[in-house]
Structures are given as structure tokens and as C-alpha cells.
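>>> Pasted the sequence and its predicted model underneath.
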Amino acid sequence: MADTQRRTLSKTASYEAEPGEVGRVLLLYSGGLDTSVMLKWIQDEYEAEVVALTVNLGQPDEDYEVIRGKALQLGALDCHVVDAREEFARDYVLPAIKANALYGGGYPLFTALGRPLIAKLAVEYARRTECDTIAHGCTGKGNDQVRIESTVIALDPAMKIIAPVRGWQMGREEEIAYAREHGIPVKGGTETPPYSIDDNLWGRSSEGGPIEDIAEPPRDDVFQLVTRPEEAPDEPEDVKVGFERGVPVSLNGESLALVELLERAGAIGARHGAGIVDHIEDRIVGLKVRDIYEVPAAAIILSAHKELEKLVGTIHQNTFKPRLDEHWAYLVYAGLWYEPLLGDLNAFMDAVNEQVTGEVTVRLFKGSVRPVARRSPNALYDPALAGFGESGGLFSQQASPGFIEIWSLQSRMAYNIRNRETEDE
Ligand code: ARG
């Protein structure tokens, strides 16, 4: 034990808490095995009081009363449940939509977007309930520790942090044994699928267990949100998404508040097998990992948004913005929510999105999401100019050869110089 103790409690960063410094802990509590064991463990190991905080970001099928009851039963002074869905949608998911945010080309960042909000609420509730330390259930191998801790110490440099899972050297089996020993209810036990899950209204991820075998396709039991495409309806379904200045505002002509719109889009997409992503990912801590994502809402909304943005943007905006989009996603993935560059990028995204008003229809069919129709008052598209046959006066086909001669000048010159025959050949 002495050995474990030392490993567990020695600190490497200034914001980590030594046992003597911990008086009252704000624990980010999900109700799952890790954080339930932690609730008890902190009271025992640190002789500290624990206040629990549970944040609702729209993870489906959670019973927050049950979670609260469990926290209190395990000795929490109190358990605050915060419904942060609206703030999450408006201040976190919406900027991601405006930035067409996909990390590594496939991950719409739902976890990465949720962490800074969870951490912000943790700081708020820690102060309000006079806690000196924040505890979370992230491991030492993942991105989420980076996101939560860098946010906490940005917002409150005096706040201490403990992450017991990083140090306690308990595997799942030991945790279950600890739980049994301390009267912590363990649900499901061996029947629960062996995956590490995280979800909110913008998507769901599964990691670990059989998913780690990257040479094998994912098992069917991974998919708990999205219908597997082979079992999706045989008839396609069209969904019309309306945007106002980059903000999704309606589905099939019905005006909806953002949370409800995202939830409904998610439900329609899930039925049609939309938004399954099998993703090999570069974590910020250096490891590669495989995630199975189920992101039906993002699959629909991002596809529609991108289509509309292209329609109203110039060739220069359309070739430049994706580079900034990619960097936006990288910064958010990397947990730097308060990095000034992200604010600068948001200003750019907002500026471009001023024009993103209109409607896009996407067709859902057995896992695919495809734009099939679009309409915008700001479209830079004019069928009279682009169509076949004789065009009107505005676009002169006779002028094209002059353009081509000048446009290609440098490239032709360079090509000929690089390929000229040398004298003695
Ligand atoms: N790989 C994703 C990320 O770093 C998702 C992580 C979610 N955690 C989980 N246990 N499934 O944001």
C-alpha cells in the first residue's frame, strides 16, 4: 500500500493537490463505476468532504434523480444536477457547426466540446460550495484530462485538481471489488458491453475492449444509437434543414430551438444509419486510438451547413476556410478552449456565416447523407450565367480565351523553362 500511496499522491504539476491541502472536493460525477468508486475513495483517502456535480449535455437515457440519489447514498454532501443542454448547443456546438468542425476528417468533437463547459461549471460550483479541489474521472492516457484541467486552471489558477484514476492503479476488476466491499451498487456487472462510452446531444463514442483490435470490424453490440445501415429502412428520407446566418433554425420547414432541432435531426439520422464513423485518431497525448462514433445529428447538420456555405461563398473563401476549419477543430480537440487564436477564428467563422442563410435538403439512405437540393437568397449561383447555350451579355464566352492566355502565363513559362533542351543534348 505504501508504494501505491506514494505513486497515487505524489504530484508533478503545481495545481495537483497534496492530501493535506484537500478540504472539500467538487467531484464531476456521472453515476458510473469510476466516479462512484471515487466518491467513496476520496472521502477515505483524503478524509475530505465531497460535493457531486452532474452535468446534463443531452446524453440519452440518463435518470438524473437516480444519479443524485446514488451520490447522496455514497456520502456526498450534496449532488447538483445541471441541465446545460441549451448553453452547450448555443455556445459550443453552434461555433463547431459554423466551423464545419471535424477532427481528423471524421470526429465532430462532441466530447471535446463538452469538456470545457463541464470544467467551467465545475469551477462555478466549486466556488459556490466552497470546495478547494476539483476531482474528475479521466484516465492519464486520454484527451479529456487535458481539456478539463487546462480549462479549470485557466479559469481559476488557485483551484487544485485530483484525478484519482490516473494514480490508483485499480483495473476494472479491482474497482468492482472495491465497490462490492464498500456497498457501492454496480449495475449490469459482466453483461454490460465492455466499452468505454461517452455521449451528449452531438454524438456518442465507444472505445476500448474489442474495438482495440483494429484489424477487425466493430461488433454489432457497439451500436446503441444508430441503426446499422444494413438494417435501416429500404426507402430514403429527405430532410430539409433551414439556416439563418449559419444557425440551424428549422427542420422540414418547422422552426425549432437548437436543442430540439439537434435532437430531432439525431433521431431521424439514427433511424437511417447515418453518422457511423470508424476512426483511427491521434490523441493529443501522443497515442493513437480507435473510436467508433455514432453521430447522426452531426452527419445531417454538418453536411447541410457545408453545402450551403459553399453555395454562398466565393472561390477564395471556399478554398481558404477549410484550412481554418481544420485548425479550429484541432485547437478544440487539444483542449485549448480559451486560446485567443480560437477567439480570432470564431470572429472569422461568424463573418463568413453572416451569408449562410437558406435551406438544404439532404437525402438519408442506409447510412449515407447526401445533399440533393439547396436554396439561398445569397447564392452566388445564376443558372442564366452558368447554363448551356448562348449566355446573356454578362458572361462573354468570347472573353474566355483572353483570360486563359493570361491566367496560364506563369505556369506555361515555368513548364517550358524546366523542360527546355540543354545546348549539348
Ligand atoms: N476520442 C474522443 C476524444 O478524445 C472521444 C473520447 C470519449 N471518451 C470515451 N471514453 N469514449 O474526444
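Alright, I've got the coordinates. Numbering: from 1, shown residues only.

>>> buried residues in stretch 264-276?
Residues of stretch 264-276 classed as buried: Arg264, Ala265, Gly266, Ile268, Gly269, Ala270, His272, Gly273, Ala274, Gly275, Ile276 (neighbour count, 16 or more other Cβ atoms under 10 Å). C-beta coordinates here come from the backbone N, C-alpha and C atoms, glycine included.

>>> So which of those belong to strands?
Of those, the ones assigned to strands by DSSP state E are Ile276.

>>> okay, the buried residues of stretch 264-276 in CSV with pLDDT and distance to Lys141 next?
Formatted as CSV, those follow (pLDDT from 0 to 100; distance: Cβ to Cβ, whole Å):
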residue, pLDDT, distance to Lys141
Arg264, 98, 36
Ala265, 98, 33
Gly266, 98, 29
Ile268, 98, 35
Gly269, 98, 31
Ala270, 98, 30
His272, 98, 34
Gly273, 98, 31
Ala274, 98, 30
Gly275, 98, 26
Ile276, 98, 25
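
>>> Which ones among the buried residues of stretch 264-276 also lie next to the ligand?
Checked against the ligand using Cβ under 6 Å from any ligand atom, these yield no neighbours at all.

>>> ok, which pair from the buried residues of stretch 264-276 is furthest apart?
Spanning the widest gap among the buried residues of stretch 264-276 are Arg264 and Ile276, at 19.1 Å by Cβ to Cβ.

>>> residues in contact with Ser150?
Neighbour list for Ser150: Gly335, Leu336, Trp337 [criterion: Cβ atoms under 8 Å, 6 or more residues apart in numbering].

>>> you'd agree Ala329 is up against Gly105?
No - with contact defined as Cβ atoms under 8 Å, Ala329 does not count as touching Gly105 (9.4 Å).

>>> Which one of these two is surrounded by more residues?
Taking other Cβ atoms under 10 Å, Ala329 and Gly105 do not tie; Ala329 has more neighbours (22 against 9).

>>> mind listing what's buried in the host helix or strand of the more buried one?
Element membership of Ala329 [criterion: DSSP states H and E] is helix 315-333. Of all the residues in helix 315-333, those buried under the rule 16+ other Cβ under 10 Å are Gln317, Lys321, Leu324, Asp325, Glu326, Trp328, Ala329, Leu331, Val332, Tyr333.

>>> number of nearby residues for the residue lying closest to the first one once chain neighbours are set aside?
Beyond its immediate neighbours in the sequence, the residue positioned closest to Gln317 (Cβ to Cβ, 6 or more residues apart in numbering) is Val352, lying 6.1 Å away. As a burial measure, Val352 scores 20 neighbours (other Cβ under 10 Å).

>>> ok, Val352 - contacts?
Lys98, Gly246, Glu309, Gly313, Gln317, Lys321.

>>> and if you look at Ile153?
Ile153 makes contacts with Tyr15, Met159, Ile161, as judged by Cβ under 8 Å, 6+ apart.

>>> can I get these in CSV with neighbour count and pLDDT?
Compiled in CSV, the contacts of Ile153 are given as follows (neighbours: other Cβ atoms under 10 Å; pLDDT from 0 to 100):
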residue, neighbour count, pLDDT
Tyr15, 17, 96
Met159, 21, 98
Ile161, 21, 98
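
>>> Now the residues you listed in CSV, please, with extra columns for distance to the ligand and secondary structure.
Below are the contacts of Ile153 laid out as CSV (distance: Cβ to the nearest ligand atom, whole Å; DSSP: H, G, I helix; E, B strand; the rest coil):
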residue, distance to the ligand, secondary structure
Tyr15, 21, coil
Met159, 23, coil
Ile161, 19, strand
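
>>> Which parts of the chain are strands?
Taking DSSP E to define them, one finds strands in the chain at 24-28, 49-56, 78-83, 133-135, 160-162, 196-200, 203-207, 237-244, 247-251, 254-255, 276-282, 288-294, 358-365, 368-375.
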